[in-house]
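# fold the following for me, if possible:
(one chain, ligands or ions: 4)
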Amino acid sequence: MLVTGIEILEKAHKEGYAVGAFNTSNLEITQAIVEAAEETKSPVIIQVSEGGLKYAGIETISAIVRTMAEKASVPIALHLDHGTDFNTVMKCLRNGWTSVMMDASKLPLEENIKVTKTVVQIAHGMGVSVEAEIGKIGGTEDNITVDEREAAMTDPEEALKFAKETGVDYLAIAIGTAHGPYKGEPKLDFDRLKKIKEMLNIPLVLHGASGVPEEAIKKAVSLGINKINIDTDIRQAFARRLRDLLEKDREVYDPRKILGPCKDAMKEVIKQKMILFGAAGKA
Ligand SMILES: O=C(CO)COP(=O)(O)O
Ligand SMILES: O=C[C@H](O)COP(=O)(O)O
Ligand SMILES: [Zn+2]
Ligand SMILES: [Zn+2]
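Ligands and ions are numbered 1, 2, ... in the order given. Down below sits the predicted model:
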């Protein structure tokens, strides 16, 4: 069933587990996510980035995800990931999305508050939930120093002011993770996470969670992370299976015989994440 983001995350916040938010941009990734959720009885968030929207087309990807979500036996939210453009957020609302992220984290705090507050007012009027970001979650390829990474982390006082003034439903925080494949092992600032959760008491979001060791994920969930974003791990599972399959079978040419096994490889990774995050059996 298609539900709002807050319906899924309020329960996770109260019961102390995290729901996977997986990026899609086509049919097979969406199938992998929905099948994984049904097989593990997990609630799930299916999200599309601005790049994903450009690749698939908003009407097409909306129709694929909405149709599959409505038919599914588990709660599914359709979410815009890192909406940096106000008009894109509005387009998602018009296309029946049930959750949107307004990511104005690159702007100064007051401007981030202003635009997020406007999105919250409009989205809530339409029964849609909102995520925002405070602090800056970069990429592993950003090549920033330890000091710069530290400066980009979410300040708990600023996060509290932000949450109070915007009325945002769930908040993405920067505690040391980064988007893309890690070169070394990420170091998470758990004290910062604990403090933010105690002060805000709302669902919190961890971005850049691919490649983060299982123990660190478990600890982050125990300290109050309720939505965990995964994209890179799924992309890598897809590409690994595809390379392997084409190398082993030089004759295969039917896209279904190629993409079907790739979908299954993605599904396995997604199922493992759902179990690790504590979402399995919560649907
Ligand atoms: O945060 C993400 C999407 O918003 C995905 O992060 P990864 O690149 O670690 O999968
Ligand atoms: O946040 C980053 C997500 O992995 C989306 O990445 P993308 O912009 O390449 O679609
Ligand atoms: Zn961001
Ligand atoms: Zn992200």
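# how near is P213 to ligand 4?
Taking CB to the ion, to the nearest Å as the measure, P213 falls 19 Å from ligand 4. Bear in mind the C-beta positions are built from the backbone N, C-alpha and C, glycine included.
# Three-state assignment for the nearest residue to that residue once chain neighbours are set aside, please.
Spatially, and ignoring its direct neighbours in sequence, P213 is nearest to E185 (6.8 Å; CB to CB, 6 or more residues apart in numbering). Of the three states, E185 takes coil according to DSSP: H, G, I helix; E, B strand; the rest coil.
# was I right about E185 contacting A178?
No - under the criterion of CB atoms under 8 Å, E185 is not in contact with A178, lying 11.8 Å apart.
# if you count what's nearby, which of those two comes out ahead?
Legend: neighbour count by other CB atoms under 10 Å for E185 and A178, higher for A178 (23 against 10).
# can you pull the contacts of the more buried one?
A178 sits next to 137-140, 142, 186, 208 when contact means CB atoms under 8 Å, 6 or more residues apart in numbering.
# please indicate which of the residues you listed are buried?
137-138, 140, 186, 208 (16 or more other CB atoms under 10 Å).
# so which of the residues you listed reach ligand 2?
For ligand 2, no contacts are drawn from those by CB under 6 Å from any ligand atom.
# spell out which residues of the chain are next to ligand 3.
Neighbours of ligand 3 within the chain, by CB under 5 Å from the ion: 103, 105, 133.
# give the contact list for the second one.
Just to be clear, that refers to S105. Neighbour list for S105: 112, 132-137, 172 [criterion: CB under 8 Å, 6+ apart].
# same thing with the last one?
By CB under 8 Å, 6+ apart, the contact set of E133 is 82, 101, 103-105, 171-174, 207.
# that one - that's part of a strand, no?
Yes - the assignment for E133 by three-state DSSP puts it in a strand.
# just the pLDDT at it, thanks.
Note for E133: predicted pLDDT of 98.
# also the first one?
On the pLDDT scale, D103 is placed at 98.
# burial of it, as a residue count?
A count of neighbours around D103, defined by other CB under 10 Å, yields 24.
# what's the closest non-adjacent residue to it?
H82 (4.5 Å).
# so who does the one you found touch?
Counted by CB under 8 Å, 6+ apart, H82 has contacts 49-50, 101, 103, 133.
# before we move on, back to that, can you redo the contacts of S105 as a markdown table with distance to P203?
Output for the contacts of S105, formatted as a markdown table (distance: CB to CB, whole Å):
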| residue | distance to P203 |
| --- | --- |
| N112 | 19 |
| A132 | 12 |
| E133 | 14 |
| I134 | 14 |
| G135 | 16 |
| K136 | 20 |
| I137 | 16 |
| A172 | 10 |
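# any buried residues in the helix or strand harbouring E38, and which?
Assigned by DSSP states H and E, E38 belongs to helix 27-40. For helix 27-40, a neighbour-count test (16+ other CB under 10 Å) marks 27-37, 40 as buried.
# tell me if I'm right that H13 and K197 touch.
No - in this structure, H13 is not within contact of K197 by CB under 8 Å, at 9.4 Å.
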